[in-house]
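Student: Attaching a predicted model along with its sequence, questions to come.
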Amino acid sequence: MKICMVRPMLDNAWRFKATRRSALAQLDALFASLQQRAFAGAL
């Protein structure tokens, strides 16, 4: 496989990884908020 073909695939993989990491951080924040409300009796 030529290097000119590998680079775009790596770029896509890195973008995908960054997107997933960001989504996971958002889910963690939402879950923490939900836990806080649940234990405070707000739900």
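Tutor: Structure's in. What do you need?

Student: for the record, mean pLDDT for the one helix or strand residue 15 maps to?
Tutor: If you go by DSSP states H and E, residue 15 is part of helix 3-40. Taken as a whole, helix 3-40 has a mean pLDDT of 95.

Student: Can you give me the buried ones in it?
Tutor: Within helix 3-40, no residue is scored as buried using 16 or more other C-beta atoms under 10 Å. Bear in mind the C-beta positions are built from the backbone N, C-alpha and C, glycine included.

Student: And residue 25, how far from residue 12?
Tutor: 21 Å (C-beta to C-beta, to the nearest Å).

Student: Then residue 35?
Tutor: For residue 35, the distance to residue 12 - C-beta to C-beta - is 35 Å.

Student: Equivalent analysis for residue 24, please.
Tutor: Distance, residue 24 to residue 12, by C-beta to C-beta: 19 Å.

Student: Looks like residue 37 contacts residue 30 (just checking).
Tutor: No - assessed by C-beta atoms under 8 Å, residue 37 is found out of contact with residue 30, at 10.7 Å.

Student: Quickly list what's touching both of those two.
Tutor: Common neighbours of residue 37 and residue 30, counting by C-beta atoms under 8 Å, 6 or more residues apart in numbering, are absent.

Student: Quickly note the distance from the nearest residue to residue 43 once chain neighbours are set aside to residue 23.
Tutor: Excluding the flanking residues, the one nearest residue 43 by C-beta to C-beta, 6 or more residues apart in numbering is residue 37, at 5.1 Å. With distances taken as C-beta to C-beta, residue 37 is found 21 Å from residue 23.

Student: Could you do residue 42 as well?
Tutor: Distance, residue 42 to residue 23, using C-beta to C-beta: 25 Å.
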